[in-house]
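1. Pasted the sequence and its predicted model underneath.
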Amino acid sequence: MNNFLIYLLFVLSFSNLLVAQSEFNVRLYDENKIYSEVEIENLFPVERELIQSEILARYGYVFEDSLLQRYFLKQIWYKPETKNFPQLSKTDSMNYFLLEKFNSRNERTIWENIKRFKPRLEDIIKSYFSYCFENSNYKSIAKRKFKLKPFNYCYRQVFYVPRLELPVGVWDFERFFAEEDFDINDYIFFKRANDVRGIIFRGYFSTNGKLLQLDEVGVDPGLNLGKVITENYLDTLGRVFVHYNLSCNDGNFSKAARYLDYENNSIKREFLFIEDNDYLYFQITTKDYFIETGLRKKK
């Protein structure tokens, strides 16, 4: 009997763990509180839209957006019933229309989700240098491929250790950032000297020497010559927490971005965005739940 009770407790504990971490029982909205403007403003636009949609989903609302409807159909608590706008409770109504105040302006792009993290670059020192990749001890908590659309993770590993070496002064490499000034002989010399393999970094430092942003810039004469390929925004410890790929070229996607929310030396949240002409697709991964869905762009 004792063995049976132990087994039963183990099964219940394990099942509760699965439900808590499942992508089939996600609840982002807290129906017991009234949200503040500051609280809403600090959310990602995609989070705001999901929370606003969840308010309606709790009343059985059926969504016209196919990906949004597919997302809620996966939730075990969702019971689709009506396409009519529901009669909301007082709290739900206040929260819904506060969210609408922000969401009505959304363009559903990657940029609007990450632009607030871009450092202010008015008072900075700009430098150019080459790079090498290093393996990092920080592990992603996602590592999931997109199911909604084929996607092969065109973004690069986001942890970089810059190698501050240049064969001549940094001023001599300004010309690599304008196509009309490019000289193939300069490129050959630069590549041999630094083993660049087609990319160099442009680094933005604050006046007190802190590295704020790293841009990967193409110097391959056959591809993206002199153009910014990625922007990488760094936290106070020098870790890349936003990796914004402006030249994805993976299938029909043009851009991709990855946001890492650190807690000490571990990652507690990860956002992955990809964008095409019709949809903004995204993953949200935490230790408690996983979301993959998309929002149709507004015409």
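-> Ah, there it is. Numbers count the residues shown, from 1 in each chain.
2. per-domain residue ranges of this protein.
-> 2-106, 120-296 (automatic domain parsing).
3. just checking, Gly203 touches Lys210?
-> No. Counting by CB atoms under 8 Å, Gly203 does not reach Lys210; the two are 10.8 Å apart. The way it works is simple: take the backbone N, C-alpha and C, and place the C-beta from them, glycine included.
4. So for these two, which residue has more residues nearby?
-> Between Gly203 and Lys210, counted using other CB atoms under 10 Å, Gly203 has the larger neighbour count: 22 against 13.
5. which ones are touching the closest residue to the more buried one other than its chain neighbours?
-> Spatial nearest neighbour of Gly203, chain neighbours left out: Ser127 (4.8 Å); criterion: CB to CB, 6 or more residues apart in numbering. Ser127 is in contact with Val170, Arg202, Gly203, Tyr204, Phe205, counting by CB atoms under 8 Å, 6 or more residues apart in numbering.
6. I'd like to know which of those are buried.
-> Arg202, Gly203, Tyr204 (16 or more other CB atoms under 10 Å).
7. residue boundaries of the helices in the stretch 1-150 of the chain?
-> For the stretch 1-150 of the chain, the helices defined by DSSP state H, counting those that start in this stretch occupy 2-20, 37-41, 45-57, 66-73, 90-103, 110-114.
8. among these, which is nearest Gly294?
-> Closest of the helices of the stretch 1-150 of the chain to Gly294 is helix 66-73, at 4.1 Å (criterion: CB to CB).
9. mean confidence for that closest one?
-> Mean pLDDT, computed over helix 66-73, is 95.
10. same question, stretch 81-95
-> If you average the pLDDT over stretch 81-95, you get 96.
11. what does it rub up against?
-> For stretch 81-95, the external contacting residues (CB under 8 Å, 6+ apart) are 29, 31-35, 51, 55-56, 58-62, 64, 96.
12. residue contacts, Glu107?
-> Applying CB under 8 Å, 6+ apart to Glu107 gives the contacts Lys297, Lys298.
13. wait, doesn't Glu270 sit right on Leu260?
-> Yes. Judged on CB under 8 Å, Glu270 makes contact with Leu260 at a distance of 5.7 Å.
14. Counting neighbours, go ahead and name the busier of these two.
-> Leu260 (22 against 19).
15. Got the confidence number for the residue nearest to Gly203?
-> In this prediction, Ser127 carries a pLDDT score of 73.
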